[in-house]
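Asks: what follows is a protein structure lacking sequence information:
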């Protein structure tokens, strides 16, 4: 194998792929032949496959499109040590590590297993982590060095209420490799509780992490479980995209079609799987692709206002790409979404909010979420100014008069 020969071939191949597969045959006005010649001299300085990817990013960035991703190739793998994590925050007190917060997770869900809340463990905030597998742990030690190569393996912890170790106990835990899901769940559930508290239980909160599998799962789980609420805040901040989520839009704009009376209990509204009151959507600059389309459709359908920051702005997507000779790839976005007025409304523009609100770091550190709080304020005003209609049950019929 001659790496330099491969790099030269892949350099030319990258331009050919854009020539043949990019959705716009004019490549957003970029002259591909001229651009290929302009960047060719840089090949002489490429010393690794990572350098070549860097060159790809620089040269193909001139096409100016969001989904043109560069990745992989014949790059040496770095040995990774699967450090274990306990799903907790710590403070250092009296020469020890102390649990400041223990994340609950969902222990019935394999993806959200929380090591410290498993049956028989039950470590709580305020307790000290005193030892790991028999090794004494002090605040001068690197905590994470005690958990190298422990992900998915049993580890014995010594924990207790006192830093001197008196009254301590031993518990066996299985650390996880990644606790992102635990922290995200805690954030989502914290937001849901905050909305519930701020509105007296009147408003639903639904978070959509993407418009792919997890996004649809979250929508079905959180939205339909709260159909008795009067209004809703739909939070799609940090939405990672996926599909064009017309299903979610269809559910959000379901109109009431009839009422149903029964002998006992309150009358029902049909379709039952809906929240009929006002809705507000939270957006930010980290929501893109399907996360751009969702608020675009939300606004276009007249469902409600948007609160937060302008979205990423990427609605020219792809469906995979032809691999390069060493298995790497350069994106060739092939599908471009445009509006019914004949305009490219989203790509490189994003969706602007109706109420622009910064996620102020100082307020966040104080326990506030100014974007979420503004969304609650807006939806409560909408609910006050245009409350859900009250439907009158007709008199029972009398067919024997």
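Replies: Yes, it's here. Quick caveat, the model's predicted, so the values are computed rather than measured.
Asks: who's in contact with stretch 208-222?
Replies: For stretch 208-222, the external contacting residues (C-beta atoms under 8 Å, 6 or more residues apart in numbering) are 184, 188, 192, 204-207, 234-236, 238-245, 247-248, 251, 289-291, 293-294. Every C-beta, even on glycine, is put in place using the N, C-alpha and C of the backbone.
Asks: so which of those sit within strands?
Replies: 204-207, 234-235 (DSSP state E).
Asks: point out where the stretch 151-300 of the chain drops to low pLDDT.
Replies: Across the stretch 151-300 of the chain, nothing is flagged by pLDDT under 70.
Asks: can you give me the helices for it?
Replies: Here the stretch 151-300 of the chain has its helices, by DSSP state H, counting those that start in this stretch, at 180-199, 213-223, 246-252, 290-300.
Asks: winner for burial among the ones you listed?
Replies: helix 290-300 (a mean of 24; mean count of other C-beta atoms under 10 Å).
Asks: related to what we said a few turns ago, could you redo the helices of the stretch 151-300 of the chain as JSON lines and give each row distance to residue 321?
Replies: Shown next, in JSON lines, are these (distance: least, C-beta to C-beta, whole Å):
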{"stretch": "helix 180-199", "distance to residue 321": "27"}
{"stretch": "helix 213-223", "distance to residue 321": "22"}
{"stretch": "helix 246-252", "distance to residue 321": "25"}
{"stretch": "helix 290-300", "distance to residue 321": "19"}
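Asks: wait, which of those helices is closest to residue 352?
Replies: Closest approach to residue 352 among the helices of the stretch 151-300 of the chain is made by helix 290-300 (9.4 Å; C-beta to C-beta).
Asks: after the closest one, which helix or strand is next? Please name it.
Replies: As assigned by DSSP states H and E, the chain's next helix or strand after helix 290-300 is strand 306-308.
Asks: re the thing from before, of the ones in strands among the contacts of stretch 208-222, just the buried ones, ChimeraX syntax please.
Replies: Command for ChimeraX, covering only those of the ones in strands among the contacts of stretch 208-222 found buried under the criterion 16 or more other C-beta atoms under 10 Å:
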select :204,205,206,207,234,235
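Asks: pull out the buried residues from stretch 300-317.
Replies: For stretch 300-317, a neighbour-count test (16+ other C-beta under 10 Å) marks 303-317 as buried.
Asks: could you do stretch 105-116 as well?
Replies: Those would be 105, 112-116, for stretch 105-116 by 16+ other C-beta under 10 Å.
Asks: next, the distance between the ends of that stretch.
Replies: 10 Å (C-alpha to C-alpha, to the nearest Å).
Asks: if we can go back for a sec, pick out the most distant pair among the buried residues of stretch 105-116.
Replies: 112 and 116 (13.1 Å).
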